[in-house]
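Asks: give me a model of this one.
(one chain, ligands or ions: 1)
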Amino acid sequence: MRLPGMLDGRLREIVRMGHPVLRERAAEVAADRFGTRFLRDLGRDLVRTMHEGGGVGLAAPQIAVPLRVLSYYLPADDATPELPPRVLVNPRLTLFGEPDEPGWEGCLSIPGLRGMVPRHRHLRVEALDVDGKPVAFEAEGYHARVIQHEHDHLDGILFLDRMPTMTDLFFEEEWDRYAGRKDLPVEI
Ligand SMILES: [Zn+2]
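Replies: Modelled structure (predicted):
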């Protein structure tokens, strides 16, 4: 963890599938909330709760806050260093190409399950940070997958909704034993 102050948030309860907040469209964060203690704390709480839950992403509706705020980070892999935690507010995605890249996903709000989800390989993000500063970047592959998964939470969509077939839905233990394509990334 390289961002100072990002792990001093409060641990919040993660709500699970069945809680109505996970099926709502979250509201845009209003202009007068940027830079406030409320929004800064929300960002810190998301990052802390994400880490404690062992996930790489967490959206505000998952802690029962129906606002368009998400957090994620990317663990290091062979090719790229860790991407420290980011908090994106009111993100807008431009998706390139088709959602034709398969990969495994799980979700802290749907514990114990893994499913194969096709996603766009490449996207562009425009968002604000908690202080209202614009951020814009492009993401590909696993990075793009994590952002699409978390952004879906802001629209009340869960990864199960994106699965073309339930044949590719596993409990984690069975996934470890039987799932064929371990080469693909797993987003949780
Ligand atoms: Zn999720």
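
Asks: how about residue 160, secondary structure?
Replies: What DSSP: H, G, I helix; E, B strand; the rest coil gives for residue 160 is helix.

Asks: check what pLDDT it gets.
Replies: The model reports residue 160 with a pLDDT of 98.

Asks: got it, and the one 4 residues further on?
Replies: The score at residue 164 is 97. That number is its pLDDT.

Asks: next: residue 176.
Replies: pLDDT for residue 176: 87.

Asks: can you classify it by secondary structure?
Replies: Quick answer, by three-state DSSP: residue 176 is helix.

Asks: any stretches of the chain with poor pLDDT?
Replies: For the chain, applying pLDDT under 70 flags the ranges 1-7, 180-188.

Asks: what comes up buried for the biggest strand by length in it?
Replies: Counting by DSSP state E, the longest strand found in the chain is strand 83-96. Within strand 83-96, the residues scored as buried using 16 or more other Cβ atoms under 10 Å are 83, 85, 86, 87, 88, 89, 90, 91, 93. C-beta coordinates here come from the backbone N, C-alpha and C atoms, glycine included.

Asks: the nearest residue to residue 91 once chain neighbours are set aside sits in which helix or strand?
Replies: Leaving aside its sequence neighbours, residue 91 sits nearest to residue 127 (Cβ to Cβ, 6 or more residues apart in numbering; 3.8 Å). Assigned by DSSP states H and E, residue 127 belongs to strand 122-128.

Asks: ok, residue 146 next?
Replies: In this structure, residue 146 sits in helix 141-154 according to DSSP H and E.

Asks: which helices and strands does that helix pack with?
Replies: On a contact count with 3 or more Cβ pairs under 8 Å, 6 or more residues apart in numbering; DSSP states H and E, helix 141-154 meets strand 57-59, strand 69-74, strand 83-96, strand 101-105, strand 113-119, strand 122-128, strand 186-187.

Asks: middle-most residue in the protein, spatially?
Replies: Centroid check for the chain by Cα atoms, centre = their mean gives residue 150 as the closest residue, at 2.9 Å.

Asks: what sits against that residue?
Replies: When contacts are counted by Cβ atoms under 8 Å, 6 or more residues apart in numbering, residue 150 touches 57, 58, 59, 70, 71, 72.

Asks: repeat the analysis, applying 10 Å as the threshold.
Replies: By Cβ atoms under 10 Å, 6 or more residues apart in numbering, the contact set of residue 150 is 46, 50, 55-62, 69-72, 88, 91, 107, 187.

Asks: of all pairs in the buried residues of strand 83-96, which one is the farthest apart?
Replies: Distance extremes for the buried residues of strand 83-96: the farthest pair is 83 and 90 at 20.3 Å, using Cβ to Cβ.

Asks: distance of residue 89 relative to residue 169?
Replies: Plainly put, residue 89 is 32 Å away from residue 169 if you go by Cβ to Cβ, to the nearest Å.

Asks: that's all I had, so thanks and see you.
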